[in-house]
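Trainee: Got a predicted structure plus its sequence, pasted below:
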Amino acid sequence: MIARTPRLLLVGLCLALPSAAAAVGGGEPAPAELDLTTPRRATRAFFVAANQGDFAEAARVLDLRDLPEARRAVEGPLLARQLKFVLDEKLWVDWERVSDDPQGNPADGARAEVLGTIPIGDAAVTVRLARWADGSWHLGRGVVDAIPRLYDEYGPGWIGDRMPRVLIEVRLLHVQAWQWIGLAAALLLASFVGGALGAAGRRVALRLSRRTRVSWDEQLVRETSAPTRLLLAIATFAVATDALHLAVPAQRVVDHLLRIAATAGFCWAGLRALRFASRLLDERLARAGEQEGSARSRRTQLMVLRRVAGFVVIAVGSALVLLQFDAFRALGTSLLASASVLGIVAGLAAQRSLGTLFAGLQFSLTQPLRVGDIVVIEGEQGTIEEVTLTYVVVQTWDLRRLVVPITRFLDAPFQNWTRGTTDLLGTVLLHADYRVPVDAVRRELERFVRTRPEWDGKQPQLQVTSATDRTLELRALVSAPDSGRIWDLRCAVREQLVGFLQALEGGRYLPRTRFEGSPPDAPRAANGPSASG
């Protein structure tokens, strides 16, 4: 994850910068003659010339009348280059708000147009254009005089000032070549620092946790080590890019990517923490006794609450990511404005999904069944293996998994064999001849059950429950602590009693069919009664 993060950030930066580049007038051809007739045209002329590296042309927009004529040709382009760097980094020019009227914006005063302010120390420098007597607009003396101080505060610093000229003049998406190199170096540095500091911190934390008497702290360190490395890498990249003094569009894109990555990192850490807490509590409940009803009840609640909390973490993280984009923020505003209609439509469309979600929450609170319960549903007997907000997984005796919608348990009856206790009664039905000695079979049942490890110590019973025209129905009633052992005990009792009847007096008490009477063609007795008598 750490190794992929720098590459993903770089790709995202390359994809997102083109949309920001258009905002500062990039990609436009330089006019043959500077058009300084309006504040907007003068400002655009400065940016277009500076973007193309023609700082001598851009210097013509500056008010350099206080400089001697001999110094203008040398210092003018330098001041234009420095001002362009500061404006790119600290001032976002909204072209729609810059007046295209030759008279300027009356709200900014006569013969003046304010582009914005740049803080410096405890004060601020107002970037203002002034209209000269010939009708042309120029960046005023106040901002020109403040260029050296602004550049010392927000300039590229020692590294940028010592870069070769070609690395400064070559630009892509308003990012200088040396800054692209710096971004790549920052990504590599972030990957290395995040991995190295994360690994070192993990070793130290594990060493300290081994000295404690508990074991959960070691598990916590292992669970949070990966998100920690990611967050360290993000913090390192943020510090490194701050030293590059990127232009405002590029810096905004980098900030967006960093916020998105940080949100993802914290969500990842939250999900890991939920998994750790769930596993820790589950282990404690298992040590307390898996078959205890209260323990299984808490395990079911824990499973459902973990899924609910995980869903909330992902939903909040996704919302925070989407809010980083103006398009989604505007969409959210539009949705809120029409919430009365859309709420009804969304409610109708999501009625079933919301009903299932609330059914899952109701299920976790009322707990008609719990993880580990033995149930019979849809004609299948099985053990509750997993409970989610939308469905329940039932493991059948032959290891199949029956996935049942959670609403099925709320809308239709089902059998829960372990709702209050896991003790179960089992029956074994046998058919025998009418002459069978019932007491002998009863004694054999009691003798055999007492030898079985599945038996829970309760008295077994043998009763004659039915008498048909051919056989007697014997019902053996036995008990065991849970469904698995009652099944094994029933099979063993059935096998033993059948064998006992087979061996008892040569099997004479097994079911048989009797026929008494004369054959149809037998002769009548000579002295038999007459038809009338």
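Mentor: Looks like it arrived, so ask away.
Trainee: List the contacts of residue 193.
Mentor: Residues near residue 193 by CB atoms under 8 Å, 6 or more residues apart in numbering: 232, 233, 236. To be clear about C-beta, it is placed using only N, CA and C from the backbone, and glycine gets the same treatment.
Trainee: and after the helix or strand hosting residue 207, which helix or strand comes next?
Mentor: Here residue 207, judged by DSSP states H and E, is contained in helix 177-209. Next in sequence after helix 177-209, counting helices and strands by DSSP H and E, comes helix 216-242.
Trainee: returning to that earlier point: quick check: buried residues in the helix holding residue 207?
Mentor: Under the neighbour-count criterion of 16 or more other CB atoms under 10 Å, helix 177-209 has 177-180, 182-183, 186-187, 189-191, 193-195, 197-198, 202, 205, 209 buried.
Trainee: what's the answer for stretch 137-151, then?
Mentor: Quick answer for stretch 137-151 (16+ other CB under 10 Å): 137, 138, 139, 140, 143, 144, 146, 147, 150, 151.
Trainee: can you check stretch 34-49 too?
Mentor: In stretch 34-49, counting by 16+ other CB under 10 Å, buried: 34, 36, 38-49.
Trainee: Can you tell me which of those is closest to residue 409?
Mentor: residue 47 (66.6 Å; CB to CB).
Trainee: And the helix or strand containing the closest one, what does it pack against?
Mentor: Per DSSP H and E, residue 47 falls inside helix 39-51. With contacts taken as 3 or more CB pairs under 8 Å, 6 or more residues apart in numbering; DSSP states H and E, helix 39-51 sits against helix 55-58, helix 69-90, strand 123-131, strand 137-139.
Trainee: Please tabulate those in JSON lines, including the columns distance to residue 489 and mean pLDDT.
Mentor: Converted to JSON lines, the helices and strands packed on helix 39-51 look like this (distance: least, CB to CB, whole Å; pLDDT from 0 to 100):
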{"stretch": "helix 55-58", "distance to residue 489": "95", "mean pLDDT": "88"}
{"stretch": "helix 69-90", "distance to residue 489": "81", "mean pLDDT": "84"}
{"stretch": "strand 123-131", "distance to residue 489": "87", "mean pLDDT": "88"}
{"stretch": "strand 137-139", "distance to residue 489": "96", "mean pLDDT": "91"}
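Trainee: Out of these, which one sits most buried?
Mentor: strand 137-139 (a mean of 24; mean count of other CB atoms under 10 Å).
Trainee: and that one, how far from the chain's centre?
Mentor: 53 Å (CA atoms, centre = their mean, to the nearest Å).
Trainee: ok, now stretch 409-429?
Mentor: 37 Å.
Trainee: Residue 104 is nearest to which of the helices and strands packed on helix 39-51?
Mentor: strand 123-131 (6.2 Å).
Trainee: Let me know the angle separating the closest one from helix 69-90.
Mentor: Relative orientation of strand 123-131 versus helix 69-90 (axes from the mean of the first three to the mean of the last three CA atoms, to 10 degrees): 120 degrees.
Trainee: counting contacts, what elements does strand 123-131 pack onto?
Mentor: Looks like strand 123-131 contacts helix 39-51, strand 112-120, strand 137-139, helix 141-154 (3+ CB pairs under 8 Å, 6+ apart).
Trainee: how about the helices and strands packed on helix 39-51 in JSON lines, adding distance to residue 306?
Mentor: Shown next, in JSON lines, are the helices and strands packed on helix 39-51 (distance: least, CB to CB, whole Å):
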{"stretch": "helix 55-58", "distance to residue 306": "60"}
{"stretch": "helix 69-90", "distance to residue 306": "46"}
{"stretch": "strand 123-131", "distance to residue 306": "51"}
{"stretch": "strand 137-139", "distance to residue 306": "60"}
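Trainee: Residue 324: which of those is closest?
Mentor: helix 69-90 (20.6 Å).
Trainee: Quick one: closest of the helices and strands packed on helix 39-51 to residue 240.
Mentor: That would be helix 69-90 among the helices and strands packed on helix 39-51, by CB to CB, at 15.9 Å.
Trainee: Contacts for the closest one next, please.
Mentor: 24, 46-47, 49-51, 55-56, 58-62, 64, 67, 93, 118, 127, 139, 143-144, 147-148, 150-151, 154-156, 174, 245-249, 251.
Trainee: between that helix and helix 39-51, what angle do the directions make?
Mentor: 100 degrees.
Trainee: In contact with the spatially most central residue of the chain, which residues?
Mentor: Closest to where the C-alpha atoms of the chain average out (CA atoms, centre = their mean) is residue 314, at 3.7 Å. For residue 314, the contact set (CB under 8 Å, 6+ apart) comprises 267, 271.
Trainee: That one belongs to a helix?
Mentor: Yes. Counting by DSSP: H, G, I helix; E, B strand; the rest coil, residue 314 falls inside a helix.
Trainee: what about it, distance to residue 321?
Mentor: 11 Å (CB to CB, to the nearest Å).
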